[in-house]
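K.L.:
Show me how the following folds:
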Amino acid sequence: MVLKLIVASILLLATSGIGYLIALRYGLRVKQLGYFINALNSLETYILYYSTPLPLAMKKLSERSHSSISWIFEESWKRLNSREGYEIGEIWQETMNRNIESLSLSKEDIDIIIDFSKELGFGNKDTQKKHFQYTEMLLNEQKRKANNEKDKNGRMFNRLGVLLGLTLVIILI
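P.N.:
Numbering: from 1, shown residues only. Just a heads-up that it's a prediction; the model follows:
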């Protein structure tokens, strides 16, 4: 009898934990989109207003950005500084594809960020400013969608984990 209670408790905790982890991923997407929006605002300030060279702006962003995304700017800075002849769009795409599992972003979010990077450094300041604003608008829209998904699916997976655990406990008892 005691063994059944222990197994039932472990099963309930495990399924609840799995549901919580799935729900947590939705929240992380919202946070990472916010971190990217903040980082792109800082990048816009460095490039357009301080006229900071792109490699140096990337280095500063790697130091100031949240740790969950700072590695993108750090790798970009290192690769741009190595002068291998790659464009920033190629560098960001390779970096993000290599480490995609550490991001909680959707394919659409990543595509927006990569498309932004392909235009980075081309055109005059007005063109750059419009590109920053357009990308920020797209990311804010993605963040709004992600927040709605988090509210809807996050609660569902939390509850689903508990209910699945209770169902399994009832079946096993």
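K.L.:
Kindly tell me how buried K107 is, as a neighbour count.
P.N.:
8 (other C-beta atoms under 10 Å). Backbone N, C-alpha and C define where each C-beta goes, glycine included.
K.L.:
what's the spacing between it and M137?
P.N.:
From K107 across to M137, the span is 19 Å (C-beta to C-beta, to the nearest Å).
K.L.:
Hmm, K31 and L103 touching each other?
P.N.:
No: between L103 and K31 there is no contact under C-beta atoms under 8 Å: 11.2 Å.
K.L.:
For the two, list the residues in contact with both.
P.N.:
Shared contacts of L103 and K31 (C-beta atoms under 8 Å, 6 or more residues apart in numbering): S68.
K.L.:
For those two, indicate the residue with more neighbours.
P.N.:
L103 (19 against 16).
K.L.:
List the contacts of that one.
P.N.:
For L103, the contacting residues are Q32, S68, I69, M96, I110, by C-beta under 8 Å, 6+ apart.
K.L.:
Pick out the lowest-pLDDT one from the residues you listed.
P.N.:
Looking at these by pLDDT, the weakest one is M96, with 86.
K.L.:
Sort out which residues of whatever helix or strand it lives in are buried, please.
P.N.:
According to DSSP states H and E, M96 maps onto helix 88-98. Using 16 or more other C-beta atoms under 10 Å as the burial criterion, the residues of helix 88-98 that qualify are I88, G89, I91, W92, Q93, T95, M96.
K.L.:
rewinding a little: please narrow the contacts of L103 to those residing in helices.
P.N.:
Q32, S68, I69, M96, I110 (DSSP state H).
K.L.:
Scan those residues and report the most crowded one.
P.N.:
Neighbour-wise, the ones in helices among the contacts of L103 (other C-beta under 10 Å) top out at I69, 23 neighbours.
K.L.:
circling back to that earlier point, mind exporting the C-alpha coordinates of the helix holding M96 to PDB?
P.N.:
Extracted in PDB, the C-alpha atoms of helix 88-98 (Å, rounded to 0.1, in the frame of the first residue of the first chain):
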ATOM      1  CA  ILE A  88      26.200  39.900 -40.800                       C
ATOM      2  CA  GLY A  89      23.100  38.100 -42.200                       C
ATOM      3  CA  GLU A  90      25.100  35.000 -43.000                       C
ATOM      4  CA  ILE A  91      26.800  35.100 -39.600                       C
ATOM      5  CA  TRP A  92      23.500  35.500 -37.700                       C
ATOM      6  CA  GLN A  93      21.800  32.700 -39.700                       C
ATOM      7  CA  GLU A  94      24.700  30.300 -39.100                       C
ATOM      8  CA  THR A  95      24.800  31.200 -35.400                       C
ATOM      9  CA  MET A  96      21.100  30.800 -34.800                       C
ATOM     10  CA  ASN A  97      20.900  27.600 -36.800                       C
ATOM     11  CA  ARG A  98      23.700  26.100 -34.800                       C
END
